[in-house]
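[1] just a sequence and a predicted model for now, questions to come.
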Protein chains: 2
Amino acid sequence: MQLLKEAIIEKGVVVSESVLKVDSFLNHQISPTLALEMGKEFKQRFINEAITKVITIESSGIAPALTTALELGVEVVFARKKKSLTMTDNVFRANVYSYTKNETNEITISKDFISADDHVLIIDDFLANGQAALGLAEIVKQAGASVVGIGIVIEKSFQTGRQTLMDAGYRVESLARVASLKNNQVSFLEEATVLS
Amino acid sequence: MQLLKEAIIEKGVVVSESVLKVDSFLNHQISPTLALEMGKEFKQRFINEAITKVITIESSGIAPALTTALELGVEVVFARKKKSLTMTDNVFRANVYSYTKNETNEITISKDFISADDHVLIIDDFLANGQAALGLAEIVKQAGASVVGIGIVIEKSFQTGRQTLMDAGYRVESLARVASLKNNQVSFLEEATVLS
């Protein structure tokens, strides 16, 4: 996705060889027009699928998941990272280890909002080791629903996430695939050709 | 906002005389079309203001804040509830006590994303005691920027939040004003006439 790559080049900050900070348009400040374009692009990537629901994890996944759900005409559910007081035990649960934050979060989605006949698109902001997406897929499995695919805004292709998710049998579509952050520079992999 | 009131009546769950759960379209599952309508309505309410930025707090504020920012053609920043490892000390901070969760969170916004010449619209999902909105307003003040107003999706008008915010000098616009949750029923206040 060209617009996203340009935003990464212009506004992304390479913090280290493994950390890319995009707080100015995705993870803290959000560009609504760019988020809308992400939604349109995800719709195109999964145009041949009958998606009934989009799920993501709070907080940074919400914007691209919302715009994708808007384009698809379905509802979006964001998994919570810890159980809130007003949520009952009526939830699906999975554990997600974050390498960035060095902590394990339990993520939960209410059983009210995924059912066995759902075809679910998982959306997340970053793909590094694939743990967050796997946790969401685990929840979809618990619901007896099917995972249509996993849509990622920024994939760190030099980490193991994509391979992990593909090994688990999931289709992965990433809007930007970062090949390397070495020498303080962002370089991209070529995007796969999209048949639509 | 009629569409929102209908959603509250049809899908809201009255948990107690003070707690209204709207997990099916706002706080956990989100209706993107309803969120889009909220954005349009907030734009109308503040049509005469020159807004340069929308701010909110993760996570439930993000959807209505994003759609409002989309309508206004500005960027949105969500305050974080705890400092992340990749965020430096370059932040504005405020403490927010949540009566629902019975805990105090530090909310932060990077100094990179609010500047002294910003005219900020604060958006949040619920208004109860006004603590979250006051915390956001405090951050805007620290930045030397001005608060144009506070847009709330659902106001619990039987609690003190609106009065607290008005006493502090802020304009408050709520899309739905809940007068009471007694007897397991939601009743609304009349909405103020909007001059546009």
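    In hand now; what should we look at?
[2] which residues of chain A fall in strands?
    For chain A, strands defined by DSSP state E occupy the ranges A:13-14, A:20-21, A:29-30, A:53-57, A:75-79, A:91-98, A:103-110, A:119-127, A:146-156, A:172-180, A:187-188.
[3] save those as CSV, and put in mean pLDDT, distance to B:Glu103 and mean neighbour count too.
    From N, CA and C alone the C-beta is placed, and that goes for glycine too. Converted to CSV, the strands of chain A look like this (pLDDT from 0 to 100; distance: least, Cβ to Cβ, whole Å; neighbours: other Cβ atoms under 10 Å in any protein chain shown):
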stretch, mean pLDDT, distance to B:Glu103, mean neighbour count
strand A:13-14, 98, 31, 16
strand A:20-21, 97, 28, 19
strand A:29-30, 98, 26, 24
strand A:53-57, 98, 21, 27
strand A:75-79, 98, 20, 25
strand A:91-98, 92, 20, 17
strand A:103-110, 93, 17, 18
strand A:119-127, 98, 26, 25
strand A:146-156, 98, 31, 24
strand A:172-180, 98, 36, 21
strand A:187-188, 98, 42, 14
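[4] possible to save the ones you listed as a markdown table with distance to B:Arg162?
    Shown next, in a markdown table, are the strands of chain A (distance: least, Cβ to Cβ, whole Å):
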| stretch | distance to B:Arg162 |
| --- | --- |
| strand A:13-14 | 40 |
| strand A:20-21 | 38 |
| strand A:29-30 | 27 |
| strand A:53-57 | 32 |
| strand A:75-79 | 27 |
| strand A:91-98 | 33 |
| strand A:103-110 | 30 |
| strand A:119-127 | 34 |
| strand A:146-156 | 37 |
| strand A:172-180 | 41 |
| strand A:187-188 | 49 |
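[5] mind putting those strands into CSV with distance to chain B?
    What follows is the strands of chain A, written out as CSV (distance: least, Cβ to the nearest Cβ, whole Å):
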stretch, distance to chain B
strand A:13-14, 10
strand A:20-21, 6
strand A:29-30, 5
strand A:53-57, 9
strand A:75-79, 5
strand A:91-98, 9
strand A:103-110, 6
strand A:119-127, 11
strand A:146-156, 14
strand A:172-180, 16
strand A:187-188, 21
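[6] residues contacting A:Tyr170?
    A:Tyr170 sits next to A:133, A:137, A:147, A:149-150 when contact means Cβ atoms under 8 Å, 6 or more residues apart in numbering or on different chains.
[7] between the residues you listed, which sits nearest A:Thr104?
    Among those, A:Ala133 lies closest to A:Thr104 (Cβ to Cβ), at 15.6 Å.
[8] show me what contacts that closest one?
    A:122, A:124, A:127, A:150, A:152, A:161, A:165, A:170.
[9] try A:Val140
    A:55, A:114, A:118, A:120, A:122, A:146-147.
[10] just those now: which is nearest B:Val77?
    Distances from B:Val77 to the contacts of A:Val140, taken by Cβ to Cβ, are shortest for A:Ile55, at 24.2 Å.
[11] surely the closest one touches A:Phe78?
    Yes. In this structure, A:Ile55 is within contact of A:Phe78 by Cβ atoms under 8 Å, at 7.3 Å.
[12] give me the common contacts of those two.
    With Cβ under 8 Å, 6+ apart, A:Ile55 and A:Phe78 have common neighbours A:Ala65.
[13] does the most centrally placed residue in chain A have any beta-bridge partners, and if so which?
    Centroid check for chain A by Cα atoms, centre = their mean gives A:Asp124 as the closest residue, at 1.2 Å. As for beta bridges, A:Asp124 partners with A:Ile152 under DSSP bridges.
[14] for it, what are its contacts?
    By Cβ under 8 Å, 6+ apart, A:Asp124 lies in contact with A:56-57, A:61, A:132-133, A:136, A:150-153.
[15] go again with 10 Å.
    A:55-57, A:60-61, A:64-65, A:130, A:132-133, A:136, A:150-155, A:161, A:174 (Cβ atoms under 10 Å, 6 or more residues apart in numbering or on different chains).
[16] contacts only, for A:Glu190.
    A:177, A:179.
[17] longest helix of chain A?
    Looking across chain A with DSSP state H, the single longest helix is helix A:32-45.
[18] next, the buried residues of that helix.
    A:32, A:34-39, A:41-43, A:45 (16 or more other Cβ atoms under 10 Å in any protein chain shown).
[19] same check, this time on stretch A:63-76
    A:63-72, A:74-76.
[20] any chance of those in a markdown table, with distance to A:His28 too?
    Below are the buried residues of stretch A:63-76 laid out as a markdown table (distance: Cβ to Cβ, whole Å):
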| residue | distance to A:His28 |
| --- | --- |
| A:Ala63 | 11 |
| A:Pro64 | 14 |
| A:Ala65 | 17 |
| A:Leu66 | 16 |
| A:Thr67 | 17 |
| A:Thr68 | 20 |
| A:Ala69 | 22 |
| A:Leu70 | 22 |
| A:Glu71 | 24 |
| A:Leu72 | 26 |
| A:Val74 | 27 |
| A:Glu75 | 25 |
| A:Val76 | 20 |
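[21] which of these lies closest to B:Ser180?
    Using Cβ to Cβ, the buried residues of stretch A:63-76 come closest to B:Ser180 at A:Glu75, 28.5 Å.
[22] I'd guessed that closest one sits against B:Asp23; true?
    No. Counting by Cβ atoms under 10 Å, A:Glu75 stays clear of B:Asp23, with 11.7 Å between them.
[23] what's the overlap in contacts for the two?
    A:113, B:29-30.
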